[in-house]
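# what's the 3D shape of this:
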Amino acid sequence: MTTVLEAEGLHTYYGKSHILHGVSLKVEEGELVALLGRNGAGKTTTMRSIMSLTPPKSGSVKLFGKALSRAAPHKIAKIGVGYVPEGRKIFGHMTVHENLQVPPDTSGPWNIDTVYELFPRLHERRTSKGGRLSGGEQEMLAIARALLLNPKLLILDEPSQGLAPVIVQEVMRTIGRMKKEGMSVLLV
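Next up is the predicted model:
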């Protein structure tokens, strides 16, 4: 089995506050790994450190066996990592369809048509502004946009936060489908 992501001994700080104390984890090809912990335990900081949004002071991150050594987040995305941050981070002033046109390269199995098939509700709401969507629809849009990068690894930071139970089930079903199709998933 191929190791998609390997983080070893991550130590990350916000200012002088030492947040991550030697975090290590590994995600294999086609595997779903859940990172669990209480609020404030450093789960989001771990994701941000992997994506180099909050680079670790020490430790290493390897994607597909290649050391990142402070690679820019957009380069990490180009290597094959889709990241859906906590808080959904969609463009509220743009329509659903315009949000889906943001990823620069959609060559691969995931394109606008396939994400509309995965999330039929987004197709129904394609002319609606992102800011007018429900929380669940915004989460679907954020995941769909990440899928358009055709990632080998999808990192999801609290995709069920603040969602109704029925929507959580739909999001989790979708994550299960992605895993079944061979995508590696790191889930907080």
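
# rest of the way, CA atoms for contacts and neighbours
Will do.

# Sort out which residues of the one helix or strand in the chain whose mean pLDDT sits lowest are buried, please.
Using mean pLDDT, DSSP states H and E, helix 165-180 stands out as the lowest-scoring helix or strand of the chain, at a mean of 84. Judged by neighbour count using 16 or more other CA atoms under 10 Å, the buried positions of helix 165-180 are I167, V168, V171, T174, I175, M178, K179.

# Quick check: can you name the pairing partners of the following helix or strand past that helix and their directions?
Heading C-terminal from helix 165-180, the first helix or strand you meet, by DSSP states H and E, is strand 184-187. Paired neighbours of strand 184-187 in the sheet (DSSP bridges): strand 32-34 (parallel), strand 153-156 (parallel).

# model confidence over strand 184-187, on average?
Averaged over strand 184-187, pLDDT sits at 95.

# Any buried residues in stretch 115-124, and which?
Neighbour-count burial for stretch 115-124, counted by 16+ other CA under 10 Å, picks out V115, Y116, L118, F119, L122, H123.

# let me fix that: stretch 40-56
Applying a neighbour-count criterion of 16+ other CA under 10 Å, one finds 42-52, 54-56 buried in stretch 40-56.

# Please convert those residues to a markdown table, extending it with secondary structure and distance to S128.
A markdown table is the format used below for those (DSSP: H, G, I helix; E, B strand; the rest coil; distance: CA to CA, whole Å):
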| residue | secondary structure | distance to S128 |
| --- | --- | --- |
| G42 | coil | 35 |
| K43 | helix | 32 |
| T44 | helix | 30 |
| T45 | helix | 32 |
| T46 | helix | 33 |
| M47 | helix | 30 |
| R48 | helix | 30 |
| S49 | helix | 33 |
| I50 | helix | 33 |
| M51 | coil | 30 |
| S52 | coil | 32 |
| T54 | coil | 33 |
| P55 | coil | 36 |
| P56 | coil | 39 |
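
# so where do the strands sit in this structure?
With strands called from DSSP state E, the chain shows them at 3-14, 17-28, 32-34, 58-63, 66-67, 81-84, 153-156, 184-187.

# In CSV: these, plus distance to H93.
Listed next are the strands of the chain as CSV, based on distance: least, CA to CA, whole Å:
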stretch, distance to H93
strand 3-14, 31
strand 17-28, 34
strand 32-34, 32
strand 58-63, 34
strand 66-67, 37
strand 81-84, 19
strand 153-156, 23
strand 184-187, 28
